[in-house]
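J.: need coordinates for the below:
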Amino acid sequence: MNYRDIGKNIQKAREEAGLSQAKLAEMIGCTQSSLSNYELGKRRLYLADLKKISDLLGKPIEYFLNNDDDDEQYLEAEEWDVIFREPYIKNIIIDLLRLSISRRKSVLDFIKWQRNEEESR
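T.: Purely as a prediction, here's the structure:
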């Protein structure tokens, strides 16, 4: 995760909230130019400022720190078959969809930890 990725997530959340850069900048107490630099990853953003942004935009702080591209994986045809045949996997997916995004991230982290544990044996 780098400042550019955090900035992209700020921009995405700001746009989802229907706010202009100028309006959000006013709300957080900085200039529109500073917010633009945050969104472009050209300026370092302190955690306290990111927390303020997350509160104003109604997103958990993890939302801004997550880079969906890092975990992008593609399934082979036989893996798709397993998903649709295996009842446990279907139930996991259904329950996962009922969780918040931050909780889904925690579940993914746990699954990766389990996989690493299994592979290291």
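J.: which parts of the protein are helices?
T.: Taking DSSP state H, the helices of the chain run over residues 3-16, 21-28, 32-40, 47-57, 61-65, 77-85, 87-97, 101-119.
J.: ranked by average pLDDT, which of the ones you listed falls at the bottom?
T.: Of all those, the minimum mean pLDDT falls on helix 77-85 (a mean of 73).
J.: domain parsing for the protein?
T.: Here the domain parsing of the chain from automatic domain parsing is 3-69, 73-119.
J.: Serialize these to a markdown table and add fields for mean neighbour count.
T.: Using the backbone N, CA and C atoms, a C-beta is placed for each residue, glycine as well. Below are the domains of the chain laid out as a markdown table (neighbours: other Cβ atoms under 10 Å):
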| stretch | mean neighbour count |
| --- | --- |
| domain 3-69 | 16 |
| domain 73-119 | 10 |
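J.: from memory residue 90 sits against residue 96, does it?
T.: No: look at residue 90 against residue 96 with Cβ atoms under 8 Å: they stay out of range, at 10.6 Å.
J.: contact partners of stretch 8-15?
T.: Defining contact as Cβ atoms under 8 Å, 6 or more residues apart in numbering, one finds that stretch 8-15 is touched by 21, 24, 35, 38-39, 41, 53, 57, 59, 63-66.
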